[in-house]
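Enquirer: Next comes the sequence, and after it the predicted model I'd like to discuss.
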Amino acid sequence: MRTPADVLANRPRSNYQGSEATKAMVADQIRERWGEKEASSFDPYHDCMTTTAWFAAGFKIKKGEKALRSITFLESEDNEGNMHRKIRKGISLFHKRQVTPAS
């Protein structure tokens, strides 16, 4: 039998980079869908991930669920390895309430 410590130590972790702006953006969407209680307990490192990340962690998206929208910035490098520019990219995230264990 797994202990609570095992579950917490092995829970899926997103690749969230620590941006307060994107955290607030997703928290606002969570507040609209599930209320203030869920938004105030939002943990961007464990609560929201992309479809691919959820699949890799052994979960599937529930039928009919709509993604939360966020953004990320990718760095573009030139041929010499120097950072050339940042590219803004939209991403789709799903909250832990929108997934179920894959069978």
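Expert: Everything's here; your move. Please read all numbers here as calculations on a predicted model, not as lab measurements.

Enquirer: Please count neighbours and contacts with C-alpha atoms only from this point.
Expert: Will do.

Enquirer: how close does I87 sit to R11?
Expert: Distance of I87 to R11, computed by Cα to Cα, to the nearest Å: 30 Å.

Enquirer: meant to ask about I71, not that
Expert: 23 Å.

Enquirer: Neighbour count: those two, which is higher?
Expert: Neighbour count, other Cα atoms under 10 Å: between I71 and R11, I71 has more, with 15 against 11.

Enquirer: If we ignore the residues flanking it in sequence, what's nearest the more buried one?
Expert: In space, and not counting its chain neighbours, I71 is closest to G90: 4.3 Å by Cα to Cα, 6 or more residues apart in numbering.

Enquirer: same question, R31
Expert: R31 sits nearest to A39 (Cα to Cα, 6+ apart), 5.0 Å away.

Enquirer: can you tell me the helix or strand for that neighbour?
Expert: helix 36-40 (DSSP states H and E).

Enquirer: how about the longest helix along the chain: buried residues?
Expert: When the chain is parsed with DSSP state H, its longest helix is helix 20-34. Across helix 20-34, burial judged by 16 or more other Cα atoms under 10 Å covers T22, K23, V26, A27, D28, Q29, I30.

Enquirer: And the helices in this structure?
Expert: 4-9, 20-34, 36-40, 51-56.

Enquirer: Those into a markdown table, with extra columns for distance to A67 and mean pLDDT?
Expert: Listed next are the helices of the chain as a markdown table, based on distance: least, Cα to Cα, whole Å; pLDDT from 0 to 100:
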| stretch | distance to A67 | mean pLDDT |
| --- | --- | --- |
| helix 4-9 | 25 | 58 |
| helix 20-34 | 10 | 96 |
| helix 36-40 | 16 | 96 |
| helix 51-56 | 9 | 90 |
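
Enquirer: Centre of the chain to stretch 96-103, how far?
Expert: A distance of 14 Å separates the C-alpha centroid of stretch 96-103 from that of its chain, computed with Cα atoms, centre = their mean, to the nearest Å.

Enquirer: Skip the chain neighbours and tell me the closest residue to P101.
Expert: F59 is the one closest to P101 (Cα to Cα, 6+ apart), at 4.3 Å.

Enquirer: Can you check the pLDDT for that neighbour?
Expert: Looking at F59, its pLDDT stands at 90.
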